[in-house]
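Undergrad: no FASTA, just this:
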Ligand SMILES: Nc1ncnc2c1ncn2[C@@H]1O[C@H](COP(=O)(O)OP(=O)(O)OP(=O)(O)O)[C@@H](O)[C@H]1O
Ligand SMILES: [Mg+2]
């Protein structure tokens, strides 16, 4: 089960009579604790992220400061939210590439609705409803018509990116409701903007809230249980009565909707709608990387939303740290790629230790 | 072979007897002229059977005879091509496994339908999850407690119920699947080879459980078994299915190990003879087409 599931101590399932294990307690306890942390699904990426943070903090005096933390947030929060939805689909054994498309398309829809005279908040809701429709489409084509989700969502991704370019004429637009006004007391943003992405900690709060809700949904609700069941053994799940198609469609809808929401937050934060498919594609890949690094299997059957958030944090710390270190921009992707591979290998090794020690 | 169940009278195989349904007013389940094909494969040609309240019906048949297909049709997992079913006198058309379950029909599948990644208690309550009050949150403690009680009652002792079922032995997995079916408030339970992976002791435990349930009289069961001794021991009535039709229907008390064995051996001989005849015919045909 998921790493956040309670009562899964290593010691309890290690076997052997209780008194034998109790004897050398003082010597074993710290080691057991370390093993326990390391062998939860999120444990390894937590340790790797902490180690990376310590390294940057020791080697860069400006790293461990509030202002740098604020700089780091945009490298982290959006990916944590995108990955939260993606994790559900990856647990299903599916993938959604169209999150890049929704991310790009939703702010543009918001812009168009606003241009039609609709107030800001209803525009957000309408744009998200469009994203839900995209999710329903992805889910229907995948779950009902049986097209592989990689292909389905690749198609949706390009379609949405193309539509964005067509509708916006490939021109950058100003995001409604996000304008900054300057007077004698400094810069001011609207309360809409500060709530939806432009406030310093706005995205962080959204990310923490969404991750919390999604993790609880995954581990404590029927929806999460059925998501795991569908990903682990689709036939058995159907035989037991799980509504496989409904579960899949719902997860596609949630994933698209979250992606659209993140797109809107980011457009508000940067006060612009930038129809750049290249950037959207890299956002998409980073979100999937965060989920995978965080311990979610592409093959399905198991995963963790909290892990994906920490995976996103790892990517954020790495990018931010390398940038401050003044690493040549040409090297950035190279280091990023190597770091992802190393993190994955460590994850894999720890996963094997976990299975051998008898944990899920 | 044949399409649908209508034209069967002329379509029986040589020497084949199809048993007509003998149904009474107190039947809890009636199945009439069910046919089911998977593409070119006809799994059920024309199956009719009935089940009385409190009865245990043993279903025998060779591998591939269509037993599991029949079970999966009754439990709502798949829909028949033709034919009809009645549940307690009402037309019975299950839309899904969940729907059938809500009407009181539950099933233990041959493949067990367990989810490896989920724990013992999560599997036992899959699709019947208990929730905290009216909230969407699962009531894990209550489910664990009930799962523990159910397994204890059968006599299965697992140290922990929160380990993934992937970690359990074949027999343990099967007993979890059986426990899930038995403790589901169903009044008709379909058991597809519930003893397949069991050792002698666990098998005896399950048969004892079934005898106990039978004595209580609330549950009616259709049970697929391969061991004739078990069938005669724990079933009230025996049906045999051969190539998608029911060819034998007798109370267990009126048949014997010898008779059942005889029938199967006969069946085998007839199939061999038919195959040989076909071969001969084919060879003759080939000879006619190609005189060289
Ligand atoms: N989903 C399916 N798709 C295609 N063919 C199927 C399917 N299910 C069953 N069949 C075919 O239907 C026939 C009957 O299968 P079924 O599983 O009902 O047999 P059975 O009597 O349960 O056999 P066994 O004793 O081996 O479990 C077989 O020829 C099988 O290949
Ligand atoms: Mg079978």
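TA: Looks like it came in fine. All figures in this text were calculated on a predicted structure; none of them were measured in a lab. Numbering: from 1, shown residues only, chains lettered A, B, ... in the order given. Ligands and ions are numbered 1, 2, ... in the order given.
Undergrad: mind listing what's buried in whichever helix or strand residue B:206 is part of?
TA: Assigned by DSSP states H and E, residue B:206 belongs to helix B:200-216. Under the neighbour-count criterion of 16 or more other C-beta atoms under 10 Å in any protein chain shown, helix B:200-216 has B:202, B:203, B:205, B:206, B:207, B:209, B:210, B:213, B:214 buried. To be clear about C-beta, it is placed using only N, CA and C from the backbone, and glycine gets the same treatment.
Undergrad: pLDDT score for residue 284?
TA: No chain specified, so I'll use chain A. On pLDDT, residue A:284 comes in at 95.
Undergrad: nope, chain B
TA: 82.
Undergrad: Whichever helix or strand it is part of vs ligand 1: in contact?
TA: Remark: residue B:284 resides in helix B:257-289, with elements defined by DSSP H and E. No - judged by C-beta under 6 Å from any ligand atom, helix B:257-289 and ligand 1 are separated, with a smallest distance of 13.0 Å.
Undergrad: roughly how far is that helix from the heart of the chain?
TA: 28 Å (C-alpha atoms, centre = their mean, to the nearest Å).
Undergrad: Contacts for stretch A:159-173, please.
TA: A:98, A:100-102, A:104-105, A:108, A:111-112, A:134, A:272-275, A:277, A:280 (C-beta atoms under 8 Å, 6 or more residues apart in numbering or on different chains).
Undergrad: How about the contacts made by residue 49?
TA: By default, I'm working from chain A. Counting by C-beta under 8 Å, 6+ apart, the residues that residue A:49 touches are A:310, A:313, A:314, A:317.
Undergrad: could you do chain B instead?
TA: So residue B:49 contacts B:21, B:30, B:31, B:57, B:222, B:239, B:246, B:249 (C-beta under 8 Å, 6+ apart).
Undergrad: what would the residues you listed look like in a markdown table with secondary structure, distance to ligand 2 and pLDDT?
TA: Output for these, formatted as a markdown table (DSSP: H, G, I helix; E, B strand; the rest coil; distance: C-beta to the ion, whole Å; pLDDT from 0 to 100):
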| residue | secondary structure | distance to ligand 2 | pLDDT |
| --- | --- | --- | --- |
| B:21 | coil | 22 | 53 |
| B:30 | strand | 22 | 94 |
| B:31 | strand | 17 | 94 |
| B:57 | strand | 16 | 96 |
| B:222 | strand | 13 | 97 |
| B:239 | strand | 15 | 95 |
| B:246 | strand | 15 | 93 |
| B:249 | strand | 20 | 92 |
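Undergrad: Mind checking which of those are buried?
TA: B:30, B:31, B:57, B:222, B:239, B:246, B:249.
Undergrad: burial of residue A:126, as a residue count?
TA: 18 (other C-beta atoms under 10 Å in any protein chain shown).
Undergrad: try residue B:268
TA: Residue B:268, neighbours per other C-beta under 10 Å, totals 11.
Undergrad: still on that earlier bit, for the contacts of residue B:49, which one is nearest residue A:145?
TA: Among the contacts of residue B:49, residue B:31 lies closest to residue A:145 (C-beta to C-beta), at 32.7 Å.
Undergrad: so what's that closest one bridging to?
TA: When bridges are called by DSSP bridges, residue B:31 pairs up with residue B:49, residue B:85.
Undergrad: Not counting sequence-adjacent ones, nearest residue to the residue in the stretch 101-250 of chain A that ligand 2 sits nearest to?
TA: Residue nearest to ligand 2 within the stretch 101-250 of chain A (C-beta to the ion): residue A:239, separated by 12.8 Å. Nearest residue to residue A:239, sequence neighbours excluded (C-beta to C-beta, 6 or more residues apart in numbering or on different chains): residue B:113, at 3.8 Å.
Undergrad: What are the boundaries of the strands in the stretch 1-150 of chain B?
TA: Listed in chain order, the strands of the stretch 1-150 of chain B (DSSP state E, counting those that start in this stretch) span B:27-38, B:41-52, B:56-61, B:82-87, B:90-91, B:105-108.
Undergrad: my bad, should have said chain A
TA: Assigned by DSSP state E, the strands in chain A fall at A:181-183, A:186-188.
Undergrad: Could you list every helix and strand in contact with the first one?
TA: Contact partners of strand A:181-183 among helices and strands, from 3 or more C-beta pairs under 8 Å, 6 or more residues apart in numbering or on different chains; DSSP states H and E: strand A:186-188.
Undergrad: Over to the last one?
TA: Strand A:186-188 sits against strand A:181-183, with contacts defined as 3+ C-beta pairs under 8 Å, 6+ apart.
Undergrad: Show me what counts as buried in the strand it packs on.
TA: Of the residues in strand A:181-183, none is buried (16+ other C-beta under 10 Å).
Undergrad: same question, stretch A:157-177
TA: For stretch A:157-177, by 16+ other C-beta under 10 Å, it's A:157, A:158, A:160, A:161, A:163, A:164, A:165, A:168, A:173, A:175, A:176, A:177.
Undergrad: what's the answer for stretch B:30-38, then?
TA: In stretch B:30-38, counting by 16+ other C-beta under 10 Å, buried: B:30, B:31, B:32, B:33, B:34, B:35, B:36, B:37.
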